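Undergrad: I'll drop the sequence and a predicted model, then ask my questions.
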Amino acid sequence: MKQIFHRAGALIFAAAVVLAACLPLSARAEETAADTAEEEPVSAAEWMKEIPDYWRLSEISIPGTNNTLAKNIFPGLFLKSQGKTFAKQLEAGFRFFDIGLSVDTRKTEDTDDDRLIAFCRTGRCRKGSAPWSASITLSNVLSDAYSFLDEHPSETIILCVKNEDGKEKKTFSKLFFKAVAENASYWYLDNTIPALGEVRGKIVLASRFSNAADAAVDGQGLYFHWTDQDNREAVDLPYTQTVMNAGERLWVQDRYMYDVGQKWDAFTDTMDNCQADESTFSLNFLSTRGSSDMSRPKYYADCLNDRLYDSHLTEGVCYGIIVVDYGTEKLARHIFESNFMN
């Protein structure tokens, strides 16, 4: 009988030792899993999911691209401004897009949907790299935008649209707002800075053109108009302020003909002195084509983007919309992660 109790006691002791050894391992495993979860980066495709609904768009640090559609364009050395398509830029985390469109006068009223085509200065933005590749149309851009928002309803897209060549103003606005009306539920057209919760899953129009055709729409979007900043010589105040409405303002720095040193000074000056808040947008372009008549967007982007990435962005400080050439996910993440507090 004593042997039976002795053996039972030994078994109980052994089980207790095994259990005691397992518990710390289990706890450590849980801690490791928690640490891994904490270290997992925010998804570039859905980073706005981490922003509270009540934040106004102007209070968010937002990465954007200049001449968004100028990936395939001729001559590329002088006009190409991006290395990714619009769809890839969306996935990489960019949410502000500088879209230049022009009326294709070679087409007739019977092909309305494709008459607005993407332009960057004097060049057509094309779907492929071949010079004869088809032009990107407004319908192509909107199809990509709608698809992205359907897949990522936490996000919003700011489309800053301009009439690139300034011609055919009535036809331009008529065609543009006709396209908007076809999918009106996707659009925010008020000229009031919205809270993020109001515009998740939507496109916010920031218009740089007037409704010359008096198209029947509820609004014309955020009033993003400013005087062209095409000077080559440095100025004391590189930024300007424009009025959006009675209570809201827009700061803009877009010195696109500055060389590297001047441009970086203008960019950082704007970051330091043009604070965005709930009633003020800050639109700060890091992009430039340089002071020479032979523009080189890639050269300047390589220099300036590296400077931005190496710069410390303080978490919780709103830097507004930062607009770049040759945008990458690495650079977009550097900007949007400044919204998140540790």
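TA: Arrived safely.

Undergrad: which residues in this structure form strands?
TA: Using DSSP state E, the strands of the chain run over 62-65, 96-103, 116-120, 123-124, 157-163, 187-188, 203-207, 222-223, 240-243, 249-253, 280-285, 321-324.

Undergrad: please identify the most buried of those strands.
TA: strand 62-65 (a mean of 27; mean count of other CB atoms under 10 Å). C-beta here means a position set from N, CA and C on the backbone, and glycine is covered the same way.

Undergrad: using TSV, lay out the strands of the chain together with mean pLDDT and distance to residue 176.
TA: Listed next are these as TSV, based on pLDDT from 0 to 100; distance: least, CB to CB, whole Å:
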stretch	mean pLDDT	distance to residue 176
strand 62-65	98	20
strand 96-103	97	7
strand 116-120	95	6
strand 123-124	92	18
strand 157-163	97	7
strand 187-188	98	11
strand 203-207	98	9
strand 222-223	96	15
strand 240-243	96	21
strand 249-253	98	21
strand 280-285	98	21
strand 321-324	98	21
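
Undergrad: dump these to TSV, plus distance to residue 173.
TA: Below are the strands of the chain laid out as TSV (distance: least, CB to CB, whole Å):
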stretch	distance to residue 173
strand 62-65	23
strand 96-103	10
strand 116-120	10
strand 123-124	21
strand 157-163	8
strand 187-188	15
strand 203-207	9
strand 222-223	14
strand 240-243	20
strand 249-253	21
strand 280-285	22
strand 321-324	24
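
Undergrad: residue 79: which of those is closest?
TA: Evaluated with CB to CB, those place strand 123-124 nearest to residue 79, the distance being 4.6 Å.

Undergrad: so what touches the closest one?
TA: 70, 73-75, 79, 117-118, 135 (CB atoms under 8 Å, 6 or more residues apart in numbering).

Undergrad: what of stretch 125-137?
TA: Taking CB under 8 Å, 6+ apart as the rule, stretch 125-137 contacts 69-74, 100, 104, 113-114, 116-119, 124, 140.

Undergrad: for stretch 252-270, same thing?
TA: Counting contacts by CB under 8 Å, 6+ apart, the residues outside stretch 252-270 that touch it are 226, 229-232, 234, 238-242, 251, 274, 282-291, 300, 303-304, 307-308, 323.

Undergrad: for the closest residue to residue 183 other than its chain neighbours, give me the pLDDT.
TA: In this structure, residue 183 finds its nearest non-sequential neighbour in residue 146, 6.5 Å apart by CB to CB, 6 or more residues apart in numbering. Looking at residue 146, its pLDDT stands at 98.

Undergrad: next one: residue 146 from residue 201, what distance?
TA: Distance of residue 146 to residue 201, computed by CB to CB, to the nearest Å: 10 Å.

Undergrad: okay, and the common contacts of the two?
TA: With CB under 8 Å, 6+ apart as the test, residue 146 and residue 201 both reach residue 186.

Undergrad: which residues does residue 169 contact?
TA: 163, 209-210, 212-213.

Undergrad: quick check: it vs residue 160, distance?
TA: Taken as CB to CB, the span from residue 169 to residue 160 is 18 Å.

Undergrad: over to residue 334?
TA: 21 Å.

Undergrad: so residue 282 bridges to which residues?
TA: When bridges are called by DSSP bridges, residue 282 pairs up with residue 251.

Undergrad: still on that earlier bit, what's the most distant pair in the contacts of stretch 125-137?
TA: Pairwise over these, using CB to CB, the maximum falls at 74 and 113, 24.5 Å.

Undergrad: report the contact partners of the closest residue to residue 154 other than its chain neighbours.
TA: Among residues not flanking residue 154 along the chain, residue 49 sits closest, at 3.9 Å (CB to CB, 6+ apart). Shown in contact with residue 49 (CB under 8 Å, 6+ apart): 43, 154-155.

Undergrad: most neighbours among those, which one?
TA: Comparing the contacts of residue 49 by number of neighbours (other CB atoms under 10 Å), residue 155 comes first, having 22 neighbours.

Undergrad: please tell me I have it right and that residue contacts residue 48.
TA: Yes: at 4.8 Å, residue 155 counts as touching residue 48 under the criterion of CB atoms under 8 Å.

Undergrad: what residues are shared contacts of those two?
TA: 95, 200.

Undergrad: residue contacts, residue 300?
TA: 259-260, 263, 287-290, 325.

Undergrad: same question, residue 93
TA: 44-45, 47, 63, 329, 332-333, 336.

Undergrad: any of those residues buried? List them.
TA: Buried residues within those, counting neighbours by 16 or more other CB atoms under 10 Å: 44-45, 47, 63, 329, 332-333, 336.

Undergrad: now, which of the contacts of residue 49 sits nearest residue 94?
TA: residue 155 (10.6 Å).

Undergrad: contacting residues around the closest one?
TA: Taking CB under 8 Å, 6+ apart, we find residue 155 in contact with 45-46, 48-49, 95, 148-149, 200-201.

Undergrad: need the residue closest to the centroid of this protein.
TA: residue 95 (2.4 Å; CA atoms, centre = their mean).

Undergrad: ok, what's across the strand from the closest residue in space to that one that isn't next to it in sequence?
TA: Once flanking residues are discounted, residue 95 sits nearest to residue 62: 5.1 Å by CB to CB, 6+ apart. Note on residue 62: beta-bridge partners by DSSP bridges are residue 321.
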